[in-house]
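Student: with the sequence up front, the predicted model follows.
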Amino acid sequence: MKKDADDAETAIIRSSEKVILDCLERDIAAHPERLQPITAEQVRRVQSLVLDVSVELDTPLSPDDA
């Protein structure tokens, strides 16, 4: 029973991801001029912002965060 629920949840997530990726694909095809490479400085900046962030993926969000 648990596996069926996990499979259904995975299918929903994959479906959501597909919608997002399809939208992104259409936007890139329509406006390739908007694409910009990520610079090394941007990577360093993002890394510095999340350096001390801890994420518990198995912990449910609180109602305030959901």
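Tutor: Right, received. Where do you want to start?

Student: quick check: buried residues in the longest helix belonging to the chain?
Tutor: In the chain, with assignment by DSSP state H, the single longest helix is helix 2-30. Neighbour counts over helix 2-30 (16 or more other CB atoms under 10 Å) mark no residue as buried. Bear in mind the C-beta positions are built from the backbone N, C-alpha and C, glycine included.

Student: next, name the residue at the spatial heart of the chain.
Tutor: Nearest residue to the geometric centre of the chain (CA atoms, centre = their mean): Glu17, 8.2 Å.

Student: sketch out the low-pLDDT regions of the chain for me.
Tutor: Counting by pLDDT under 70, the ranges of the chain that qualify are 1-6, 66.

Student: if you set the cut-off to 80 instead, what comes out?
Tutor: 1-13, 65-66 (pLDDT under 80).

Student: is Asp65 in a helix, a strand, or coil?
Tutor: With DSSP: H, G, I helix; E, B strand; the rest coil as the basis, Asp65 sits in coil.

Student: count the neighbours of it for me.
Tutor: When neighbours are defined as other CB atoms under 10 Å, Asp65 has 6 of them.

Student: list the contacts for Ala11?
Tutor: Applying CB atoms under 8 Å, 6 or more residues apart in numbering to Ala11 gives no contacts.

Student: gap between it and Glu17?
Tutor: When distance is defined by CB to CB, to the nearest Å, Ala11 is 11 Å away from Glu17.

Student: same thing with Val53?
Tutor: 23 Å.

Student: same question, Glu41
Tutor: 29 Å.

Student: again, but for Val55
Tutor: With CB to CB as the criterion, Val55 and Glu17 are 19 Å apart.

Student: and for Asp52?
Tutor: 28 Å.

Student: ok, Gln36 next?
Tutor: Taken as CB to CB, the span from Gln36 to Glu17 is 23 Å.
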